[in-house]
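Participant: predicted structure and sequence below. I'll ask about it afterward.
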Amino acid sequence: MKILNSGSIKRLLVTSMVVLLPVCTFGQTTSQASQLNLQEIRQITGELQAVSSELDDLLAMTGSDSTTSASDVTVVKGDCLSTLARKLLGSASRWPELVAWNQDRYPSLLKNPDLIHIGWKLRMAPPSSAKPNTASQANAGNSTTNSAVANTSNTSATSGSAASAPSASTSQSSGSSTTTSSSTPRPTPGPGAPVITSESRVLHIGDSHTCGVYGKAMDSLMRETGASVSTYGVSGSSPSWWFNGTVGKSGYYSKDEQGKVDQPADWRTPRATPSLIDLIKQKKPDVLMVSLGANFATASDAAIRAHVKSIFDVAKQYGTKVVWIGPPDGRASQKPTTTQDRLYKLLNAAVIEFGGTFVDSRPYTEYPATGGDGVHYGGTEGTKVANGWAQSVYDTIQGKK
(Lines give C-alpha, C1' and ligand atoms only; values in the text may rest on other atoms or scores of the structure.)
Protein backbone atom coordinates (compact mmCIF):
# COMPACT_ATOMS: atom_id res chain seq x y z
CA MET A 1 0.00 0.00 0.00
CA LYS A 2 1.30 3.42 -0.91
CA ILE A 3 1.95 5.69 2.07
CA LEU A 4 1.04 9.31 1.48
CA ASN A 5 3.34 12.02 2.71
CA SER A 6 2.14 15.21 4.37
CA GLY A 7 2.12 17.14 1.07
CA SER A 8 -0.11 14.57 -0.63
CA ILE A 9 -2.54 14.50 2.27
CA LYS A 10 -2.76 18.28 2.38
CA ARG A 11 -3.49 18.43 -1.36
CA LEU A 12 -6.30 15.91 -0.86
CA LEU A 13 -7.71 18.03 1.95
CA VAL A 14 -7.66 21.15 -0.22
CA THR A 15 -9.35 19.33 -3.11
CA SER A 16 -12.03 17.95 -0.81
CA MET A 17 -12.80 21.35 0.66
CA VAL A 18 -12.93 23.04 -2.74
CA VAL A 19 -15.45 20.46 -3.92
CA LEU A 20 -17.66 21.42 -0.99
CA LEU A 21 -17.73 25.12 -1.92
CA PRO A 22 -21.29 26.30 -2.75
CA VAL A 23 -22.44 27.33 -6.25
CA CYS A 24 -25.13 29.85 -7.20
CA THR A 25 -28.53 28.76 -5.93
CA PHE A 26 -31.85 29.71 -7.47
CA GLY A 27 -32.54 33.40 -6.93
CA GLN A 28 -28.91 34.31 -6.08
CA THR A 29 -26.87 36.73 -8.11
CA THR A 30 -23.29 35.95 -9.01
CA SER A 31 -22.18 38.75 -6.68
CA GLN A 32 -24.12 37.25 -3.75
CA ALA A 33 -22.68 33.82 -4.43
CA SER A 34 -19.18 35.28 -4.61
CA GLN A 35 -19.65 36.95 -1.22
CA LEU A 36 -20.82 33.67 0.27
CA ASN A 37 -17.89 31.85 -1.27
CA LEU A 38 -15.41 34.30 0.16
CA GLN A 39 -16.84 33.91 3.64
CA GLU A 40 -16.76 30.15 3.46
CA ILE A 41 -13.32 30.15 1.85
CA ARG A 42 -11.99 32.12 4.82
CA GLN A 43 -13.56 29.62 7.20
CA ILE A 44 -12.27 26.62 5.27
CA THR A 45 -8.82 28.16 5.02
CA GLY A 46 -8.69 28.53 8.78
CA GLU A 47 -9.85 24.95 9.27
CA LEU A 48 -7.29 23.73 6.74
CA GLN A 49 -4.49 25.52 8.57
CA ALA A 50 -5.56 23.92 11.83
CA VAL A 51 -5.76 20.46 10.25
CA SER A 52 -2.39 21.00 8.58
CA SER A 53 -0.80 21.84 11.92
CA GLU A 54 -2.35 18.79 13.58
CA LEU A 55 -1.17 16.66 10.67
CA ASP A 56 2.39 17.86 11.11
CA ASP A 57 2.24 16.97 14.81
CA LEU A 58 0.82 13.54 14.00
CA LEU A 59 3.45 12.81 11.39
CA ALA A 60 6.18 13.92 13.79
CA MET A 61 4.88 11.56 16.46
CA THR A 62 4.65 8.59 14.10
CA GLY A 63 8.01 9.35 12.53
CA SER A 64 8.95 9.93 8.91
CA ASP A 65 10.69 6.55 8.64
CA SER A 66 8.26 3.64 8.63
CA THR A 67 11.03 1.06 8.60
CA THR A 68 11.58 -0.54 11.98
CA SER A 69 13.99 -3.16 13.25
CA ALA A 70 14.27 -5.55 16.16
CA SER A 71 16.36 -3.02 18.06
CA ASP A 72 13.64 -0.36 17.96
CA VAL A 73 11.93 0.62 21.21
CA THR A 74 8.54 2.30 21.41
CA VAL A 75 8.43 5.21 23.86
CA VAL A 76 5.91 4.63 26.65
CA LYS A 77 4.79 6.53 29.70
CA GLY A 78 7.67 7.06 32.10
CA ASP A 79 10.43 6.89 29.48
CA CYS A 80 13.13 9.49 28.97
CA LEU A 81 16.31 9.30 26.89
CA SER A 82 18.62 8.97 29.87
CA THR A 83 16.71 6.04 31.38
CA LEU A 84 16.46 4.29 28.01
CA ALA A 85 20.21 4.73 27.52
CA ARG A 86 20.92 3.42 31.01
CA LYS A 87 18.66 0.37 30.63
CA LEU A 88 19.57 -0.60 27.08
CA LEU A 89 23.02 0.89 26.46
CA GLY A 90 24.48 0.54 29.94
CA SER A 91 24.98 4.23 30.75
CA ALA A 92 22.62 7.19 31.03
CA SER A 93 25.36 9.43 29.62
CA ARG A 94 24.95 7.72 26.23
CA TRP A 95 21.63 9.45 25.52
CA PRO A 96 23.23 11.69 22.83
CA GLU A 97 23.76 8.52 20.76
CA LEU A 98 20.00 8.04 20.70
CA VAL A 99 19.67 11.55 19.30
CA ALA A 100 22.24 10.77 16.60
CA TRP A 101 20.65 7.45 15.66
CA ASN A 102 17.12 8.85 15.44
CA GLN A 103 17.57 12.37 14.07
CA ASP A 104 16.47 11.31 10.58
CA ARG A 105 13.21 9.92 11.96
CA TYR A 106 12.59 12.77 14.36
CA PRO A 107 14.43 15.92 13.22
CA SER A 108 13.11 17.81 16.24
CA LEU A 109 15.66 15.94 18.37
CA LEU A 110 18.46 18.06 16.90
CA LYS A 111 16.71 21.32 17.72
CA ASN A 112 15.20 20.18 20.99
CA PRO A 113 16.66 16.95 22.35
CA ASP A 114 14.78 17.48 25.60
CA LEU A 115 11.45 16.14 24.33
CA ILE A 116 10.42 12.72 23.11
CA HIS A 117 6.84 11.62 22.53
CA ILE A 118 4.91 8.54 23.52
CA GLY A 119 4.58 6.32 20.48
CA TRP A 120 7.92 7.25 18.93
CA LYS A 121 9.98 4.28 17.78
CA LEU A 122 13.58 4.91 18.75
CA ARG A 123 16.54 3.02 17.36
CA MET A 124 18.74 1.52 20.04
CA ALA A 125 21.56 0.88 17.59
CA PRO A 126 23.10 2.95 14.78
CA PRO A 127 21.24 2.56 11.47
CA SER A 128 23.42 1.05 8.76
CA SER A 129 22.26 3.64 6.25
CA ALA A 130 22.19 6.64 8.55
CA LYS A 131 24.17 9.68 7.56
CA PRO A 132 26.88 10.91 9.93
CA ASN A 133 25.56 13.20 12.61
CA THR A 134 27.73 16.15 11.68
CA ALA A 135 25.77 18.51 13.89
CA SER A 136 26.26 16.35 16.94
CA GLN A 137 29.94 15.85 16.15
CA ALA A 138 30.46 19.56 15.79
CA ASN A 139 28.72 20.25 19.09
CA ALA A 140 30.35 17.47 21.12
CA GLY A 141 32.21 18.97 24.02
CA ASN A 142 31.05 22.50 23.31
CA SER A 143 29.20 24.59 25.88
CA THR A 144 25.78 25.51 24.44
CA THR A 145 22.28 21.10 28.03
CA ASN A 146 19.14 19.02 29.21
CA SER A 147 18.92 21.55 30.00
CA ALA A 148 19.14 17.70 30.52
CA VAL A 149 21.29 19.71 31.79
CA ALA A 150 19.84 21.55 30.79
CA ASN A 151 17.22 23.28 32.11
CA THR A 152 14.80 22.29 34.86
CA SER A 153 13.55 18.90 36.03
CA ASN A 154 13.56 15.74 33.94
CA THR A 155 9.94 14.74 33.31
CA SER A 156 8.84 11.25 32.29
CA ALA A 157 6.40 10.65 29.46
CA THR A 158 2.68 10.82 30.15
CA SER A 159 -0.21 9.81 27.96
CA GLY A 160 -0.72 12.28 25.15
CA SER A 161 2.29 14.35 26.14
CA ALA A 162 6.04 14.32 25.87
CA ALA A 163 8.82 12.45 27.58
CA SER A 164 11.81 14.49 28.57
CA ALA A 165 15.42 13.79 27.75
CA PRO A 166 18.11 14.68 30.24
CA SER A 167 17.92 18.17 31.59
CA ALA A 168 14.53 19.20 30.40
CA SER A 169 11.26 20.44 31.77
CA THR A 170 7.81 20.08 30.27
CA SER A 171 4.62 21.94 30.99
CA GLN A 172 1.47 20.12 29.96
CA SER A 173 -1.79 21.61 28.77
CA SER A 174 -4.68 20.00 26.93
CA GLY A 175 -2.71 16.88 26.12
CA SER A 176 0.30 18.69 24.68
CA SER A 177 3.68 19.67 26.00
CA THR A 178 6.04 22.57 25.61
CA THR A 179 9.56 23.00 26.85
CA THR A 180 10.23 25.76 29.36
CA SER A 181 13.85 26.57 29.98
CA SER A 182 15.66 29.76 30.80
CA SER A 183 18.77 28.67 28.93
CA THR A 184 19.75 26.73 25.84
CA PRO A 185 20.76 23.18 26.78
CA ARG A 186 24.42 22.29 26.48
CA PRO A 187 24.95 19.01 24.64
CA THR A 188 26.48 16.11 26.50
CA PRO A 189 29.59 14.64 24.87
CA GLY A 190 29.18 11.13 23.53
CA PRO A 191 31.01 8.05 24.79
CA GLY A 192 34.76 8.53 24.61
CA ALA A 193 34.45 12.28 24.26
CA PRO A 194 35.93 14.34 27.10
CA VAL A 195 33.58 16.29 29.32
CA ILE A 196 36.29 18.89 29.89
CA THR A 197 38.14 20.52 26.99
CA SER A 198 40.36 23.54 26.58
CA GLU A 199 37.21 25.59 25.93
CA SER A 200 35.44 24.50 29.12
CA ARG A 201 34.66 26.60 32.16
CA VAL A 202 34.54 24.32 35.19
CA LEU A 203 33.27 25.00 38.70
CA HIS A 204 34.11 22.31 41.27
CA ILE A 205 32.45 22.35 44.69
CA GLY A 206 32.87 19.80 47.43
CA ASP A 207 33.37 18.90 51.05
CA SER A 208 36.49 18.03 53.09
CA HIS A 209 37.89 15.77 50.37
CA THR A 210 37.88 18.74 47.99
CA CYS A 211 39.85 20.67 50.61
CA GLY A 212 42.41 17.88 50.67
CA VAL A 213 44.57 15.82 48.34
CA TYR A 214 41.73 14.67 46.08
CA GLY A 215 40.37 18.16 45.41
CA LYS A 216 43.78 19.66 44.68
CA ALA A 217 44.73 16.78 42.40
CA MET A 218 41.44 17.05 40.50
CA ASP A 219 41.95 20.78 40.13
CA SER A 220 45.42 20.28 38.63
CA LEU A 221 44.26 17.58 36.21
CA MET A 222 41.41 19.72 34.91
CA ARG A 223 43.66 22.76 34.47
CA GLU A 224 46.06 20.68 32.37
CA THR A 225 43.40 20.58 29.65
CA GLY A 226 43.59 24.35 29.31
CA ALA A 227 40.10 24.75 30.80
CA SER A 228 39.18 27.63 33.09
CA VAL A 229 38.78 25.98 36.50
CA SER A 230 37.56 27.22 39.88
CA THR A 231 37.56 24.93 42.92
CA TYR A 232 35.83 25.49 46.27
CA GLY A 233 35.81 23.07 49.18
CA VAL A 234 34.14 23.45 52.57
CA SER A 235 34.66 20.67 55.10
CA GLY A 236 31.44 19.23 56.47
CA SER A 237 29.30 20.73 53.73
CA SER A 238 26.19 19.32 52.12
CA PRO A 239 24.21 20.97 49.29
CA SER A 240 22.12 23.07 51.68
CA TRP A 241 25.29 24.81 52.91
CA TRP A 242 25.93 26.10 49.39
CA PHE A 243 22.59 27.89 49.47
CA ASN A 244 22.44 28.99 53.10
CA GLY A 245 26.01 30.28 53.49
CA THR A 246 26.60 27.98 56.46
CA VAL A 247 29.84 28.78 58.30
CA GLY A 248 32.26 25.88 58.27
CA LYS A 249 34.84 25.50 61.02
CA SER A 250 36.84 22.48 59.96
CA GLY A 251 38.54 23.39 56.71
CA TYR A 252 38.24 25.62 53.65
CA TYR A 253 40.01 25.66 50.29
CA SER A 254 39.54 27.59 47.08
CA LYS A 255 41.50 28.19 43.91
CA ASP A 256 40.11 30.60 41.33
CA GLU A 257 40.54 30.58 37.57
CA GLN A 258 43.68 32.70 37.85
CA GLY A 259 45.22 30.14 40.22
CA LYS A 260 44.90 32.21 43.40
CA VAL A 261 44.60 29.93 46.43
CA ASP A 262 42.71 30.72 49.62
CA GLN A 263 43.29 28.23 52.45
CA PRO A 264 43.62 29.43 56.05
CA ALA A 265 46.77 28.30 57.81
CA ASP A 266 44.61 27.15 60.72
CA TRP A 267 42.01 24.73 59.36
CA ARG A 268 39.65 25.67 62.22
CA THR A 269 39.30 29.24 60.92
CA PRO A 270 35.56 29.89 60.37
CA ARG A 271 34.57 30.47 56.74
CA ALA A 272 31.13 30.96 55.26
CA THR A 273 30.24 28.57 52.47
CA PRO A 274 30.11 30.47 49.15
CA SER A 275 26.74 30.85 47.47
CA LEU A 276 26.43 28.41 44.60
CA ILE A 277 24.07 30.77 42.81
CA ASP A 278 26.60 33.61 43.05
CA LEU A 279 29.45 31.36 41.93
CA ILE A 280 27.55 30.21 38.85
CA LYS A 281 26.61 33.77 37.99
CA GLN A 282 30.22 34.90 38.35
CA LYS A 283 32.05 31.95 36.81
CA LYS A 284 29.47 31.04 34.14
CA PRO A 285 30.56 27.39 34.10
CA ASP A 286 29.43 24.96 31.43
CA VAL A 287 30.44 22.09 33.73
CA LEU A 288 29.59 21.93 37.44
CA MET A 289 31.46 19.19 39.25
CA VAL A 290 29.93 18.24 42.60
CA SER A 291 31.91 16.16 45.10
CA LEU A 292 29.31 15.91 47.86
CA GLY A 293 27.37 13.17 49.58
CA ALA A 294 29.20 11.84 52.63
CA ASN A 295 27.73 14.47 54.95
CA PHE A 296 24.11 13.57 54.27
CA ALA A 297 24.50 9.79 54.00
CA THR A 298 22.05 9.13 56.83
CA ALA A 299 19.35 11.53 55.59
CA SER A 300 15.97 10.18 54.49
CA ASP A 301 15.38 9.02 50.93
CA ALA A 302 13.34 12.14 50.19
CA ALA A 303 15.96 14.43 51.73
CA ILE A 304 18.78 12.95 49.65
CA ARG A 305 16.77 13.40 46.46
CA ALA A 306 15.95 16.98 47.50
CA HIS A 307 19.65 17.70 48.11
CA VAL A 308 20.49 16.57 44.58
CA LYS A 309 17.54 18.37 43.03
CA SER A 310 18.54 21.67 44.63
CA ILE A 311 21.88 21.58 42.81
CA PHE A 312 20.32 20.68 39.47
CA ASP A 313 17.61 23.31 39.74
CA VAL A 314 20.23 26.04 39.86
CA ALA A 315 22.59 24.51 37.30
CA LYS A 316 19.82 24.05 34.78
CA GLN A 317 18.77 27.67 35.01
CA TYR A 318 22.13 28.51 33.44
CA GLY A 319 22.41 25.53 31.09
CA THR A 320 25.23 24.00 33.13
CA LYS A 321 26.02 20.30 32.87
CA VAL A 322 26.37 18.54 36.23
CA VAL A 323 28.90 15.80 36.95
CA TRP A 324 28.35 14.33 40.40
CA ILE A 325 31.24 12.47 42.04
CA GLY A 326 30.12 10.08 44.74
CA PRO A 327 31.96 10.01 48.10
CA PRO A 328 34.90 7.65 48.55
CA ASP A 329 34.97 4.34 50.29
CA GLY A 330 35.92 4.39 53.96
CA ARG A 331 36.94 2.13 56.76
CA ALA A 332 33.96 -0.09 57.51
CA SER A 333 33.89 0.89 61.19
CA GLN A 334 33.38 4.56 60.28
CA LYS A 335 31.38 4.10 57.07
CA PRO A 336 29.23 0.92 57.17
CA THR A 337 28.83 -0.75 53.78
CA THR A 338 25.03 -0.82 54.05
CA THR A 339 24.94 2.93 54.62
CA GLN A 340 27.17 3.60 51.63
CA ASP A 341 25.23 1.21 49.40
CA ARG A 342 21.98 2.96 50.22
CA LEU A 343 23.49 6.42 49.68
CA TYR A 344 24.94 5.43 46.34
CA LYS A 345 21.72 3.88 45.15
CA LEU A 346 19.78 7.06 45.97
CA LEU A 347 22.44 9.44 44.63
CA ASN A 348 22.81 7.55 41.37
CA ALA A 349 19.04 7.43 40.83
CA ALA A 350 18.56 11.14 41.56
CA VAL A 351 21.47 12.31 39.42
CA ILE A 352 20.25 10.25 36.47
CA GLU A 353 16.68 11.43 37.04
CA PHE A 354 17.74 15.05 36.72
CA GLY A 355 19.95 14.46 33.71
CA GLY A 356 23.45 14.50 35.15
CA THR A 357 26.48 12.23 35.00
CA PHE A 358 27.28 10.17 38.09
CA VAL A 359 30.64 8.63 38.99
CA ASP A 360 30.95 5.86 41.58
CA SER A 361 34.15 6.51 43.54
CA ARG A 362 34.19 3.29 45.53
CA PRO A 363 36.12 1.16 43.00
CA TYR A 364 38.94 3.72 43.16
CA THR A 365 39.07 4.32 46.91
CA GLU A 366 39.59 1.14 48.86
CA TYR A 367 40.60 2.42 52.24
CA PRO A 368 44.18 1.54 53.25
CA ALA A 369 45.10 -0.19 56.50
CA THR A 370 47.01 2.94 57.47
CA GLY A 371 46.85 6.48 56.17
CA GLY A 372 43.97 8.50 57.55
CA ASP A 373 41.21 8.66 60.12
CA GLY A 374 38.93 6.11 58.51
CA VAL A 375 37.06 8.71 56.47
CA HIS A 376 39.72 11.11 55.19
CA TYR A 377 43.01 10.25 53.52
CA GLY A 378 46.40 11.14 54.93
CA GLY A 379 49.94 9.89 55.27
CA THR A 380 51.82 8.09 52.53
CA GLU A 381 49.23 5.40 51.82
CA GLY A 382 46.24 7.67 52.14
CA THR A 383 47.75 10.31 49.86
CA LYS A 384 48.44 7.64 47.27
CA VAL A 385 44.78 6.55 47.36
CA ALA A 386 43.49 10.13 47.13
CA ASN A 387 45.70 10.91 44.14
CA GLY A 388 44.63 7.68 42.47
CA TRP A 389 40.99 8.55 43.15
CA ALA A 390 41.35 11.92 41.43
CA GLN A 391 43.12 10.39 38.43
CA SER A 392 40.50 7.66 38.03
CA VAL A 393 37.59 10.10 38.27
CA TYR A 394 39.28 12.38 35.76
CA ASP A 395 39.90 9.50 33.35
CA THR A 396 36.27 8.43 33.68
CA ILE A 397 34.73 11.80 32.87
CA GLN A 398 37.23 12.31 30.06
CA GLY A 399 36.17 9.06 28.40
CA LYS A 400 39.42 7.23 29.10
CA LYS A 401 37.77 4.53 31.23
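Facilitator: All right, it came through fine. Source: prediction; values computed, not measured. Numbers count the residues shown, from 1 in each chain.
Participant: which residues touch residue 215?
Facilitator: 204, 206, 209, 231, 233, 253, 291, 390 (Cβ atoms under 8 Å, 6 or more residues apart in numbering). Where C-beta positions appear, they are placed from N, C-alpha and C, glycine not excepted.
Participant: tell me the two of the residues you listed that are most distant?
Facilitator: Between any two of these, the greatest separation by Cβ to Cβ is 13.9 Å, found for 253 and 390.
Participant: now, the contacts of residue 215 that are in helices?
Facilitator: Among the contacts of residue 215, the ones falling in helices (DSSP state H) are 209, 390.
Participant: looking at the contacts of residue 215, which one is closest to residue 315?
Facilitator: Nearest member of those to residue 315, counting by Cβ to Cβ, is residue 204, at 12.9 Å.
Participant: wait, that closest one sits on residue 229?
Facilitator: Yes - Residue 204 is in contact with residue 229 according to Cβ atoms under 8 Å; the separation is 6.9 Å.
Participant: between the two, who's got more neighbours?
Facilitator: It is residue 229, of residue 204 and residue 229, that has more neighbours when counted by other Cβ atoms under 10 Å, with 27 against 24.
Participant: which residues touch the more buried one?
Facilitator: By Cβ under 8 Å, 6+ apart, the residues touching residue 229 are 202, 204, 219, 222-223, 255, 257.
Participant: do that again at 6 Å, thanks
Facilitator: Residue 229 makes contact with 202, 222-223 under the criterion Cβ atoms under 6 Å, 6 or more residues apart in numbering.
Participant: got it, and residue 196?
Facilitator: 202, 222, 225, 227.
Participant: sort out for me which of these are in helices.
Facilitator: The helices, defined by DSSP H, take in residue 222 from the contacts of residue 196.
Participant: buried ones only from the contacts of residue 196, please, as a ChimeraX command.
Facilitator: Applied in ChimeraX, the following selects the buried portion of the contacts of residue 196 according to 16 or more other Cβ atoms under 10 Å:
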select :202,222,225,227
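Participant: farthest pair within the contacts of residue 196?
Facilitator: Largest separation among those by Cβ to Cβ: 202 and 225, giving 8.9 Å.
Participant: coming back round to it: out of the contacts of residue 229, which is nearest to residue 300?
Facilitator: Closest approach to residue 300 among the contacts of residue 229 (Cβ to Cβ): residue 202, at 31.3 Å.
Participant: so that closest one versus residue 367, what's the distance?
Facilitator: According to Cβ to Cβ, to the nearest Å, residue 202 and residue 367 sit 28 Å apart.
Participant: what's the answer for residue 201, then?
Facilitator: 34 Å.
Participant: same question, residue 265
Facilitator: Look at residue 265 and residue 367: by Cβ to Cβ, they are 28 Å apart.
Participant: more neighbours: these two, which one.
Facilitator: residue 367 (20 against 5).
Participant: any idea how far residue 92 is from residue 368?
Facilitator: 32 Å.
Participant: same check, this time on residue 228
Facilitator: As for residue 228, its distance to residue 92 is 27 Å (criterion: Cβ to Cβ).
Participant: just residue 369 next, same as before
Facilitator: Taking Cβ to Cβ, one finds residue 369 at 35 Å from residue 92.
Participant: which one's more surrounded, those two?
Facilitator: More crowded of residue 369 and residue 92, by other Cβ under 10 Å: residue 92, with 25 against 6.
Participant: against residue 85, how distant is that one?
Facilitator: Distance from residue 92 to residue 85, by Cβ to Cβ: 5 Å.
Participant: what of residue 342?
Facilitator: Taking Cβ to Cβ, one finds residue 342 at 24 Å from residue 85.
Participant: the more surrounded of those two?
Facilitator: Remark: of residue 342 and residue 85, residue 85 carries more neighbours, 22 against 15, as counted by other Cβ under 10 Å.
Participant: doesn't that one belong to a helix?
Facilitator: Yes - per DSSP: H, G, I helix; E, B strand; the rest coil, residue 85 lies within a helix segment.
Participant: pretty sure it contacts residue 95?
Facilitator: Yes - the criterion here is Cβ atoms under 6 Å, and residue 85 meets it with residue 95 at 4.3 Å.
Participant: mind listing what's buried in stretch 226-235?
Facilitator: Of all the residues in stretch 226-235, those buried under the rule 16+ other Cβ under 10 Å are 227-235.
Participant: can you lay out these as JSON lines showing distance to residue 101?
Facilitator: Below are those laid out as JSON lines (distance: Cβ to Cβ, whole Å):
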{"residue": "227", "distance to residue 101": "29"}
{"residue": "228", "distance to residue 101": "33"}
{"residue": "229", "distance to residue 101": "33"}
{"residue": "230", "distance to residue 101": "36"}
{"residue": "231", "distance to residue 101": "37"}
{"residue": "232", "distance to residue 101": "39"}
{"residue": "233", "distance to residue 101": "40"}
{"residue": "234", "distance to residue 101": "42"}
{"residue": "235", "distance to residue 101": "45"}
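Participant: turn these into TSV, columns for distance to residue 373 and pLDDT.
Facilitator: Supplementary listing: the buried residues of stretch 226-235 in TSV, determined by distance: Cβ to Cβ, whole Å; pLDDT from 0 to 100:
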residue	distance to residue 373	pLDDT
227	32	97
228	34	97
229	28	98
230	28	98
231	23	98
232	23	98
233	17	98
234	18	98
235	12	96
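Participant: inside strands: which ones of those residues?
Facilitator: Those of those mapping onto strands are 228-234, per DSSP state E.
Participant: just those now: which is nearest residue 400?
Facilitator: Distance to residue 400 across these (Cβ to Cβ) is lowest for residue 229, with 18.3 Å.
Participant: beta-bridge partners for the closest one, please?
Facilitator: Taking DSSP bridges as the rule, residue 229 bridges to residue 202.
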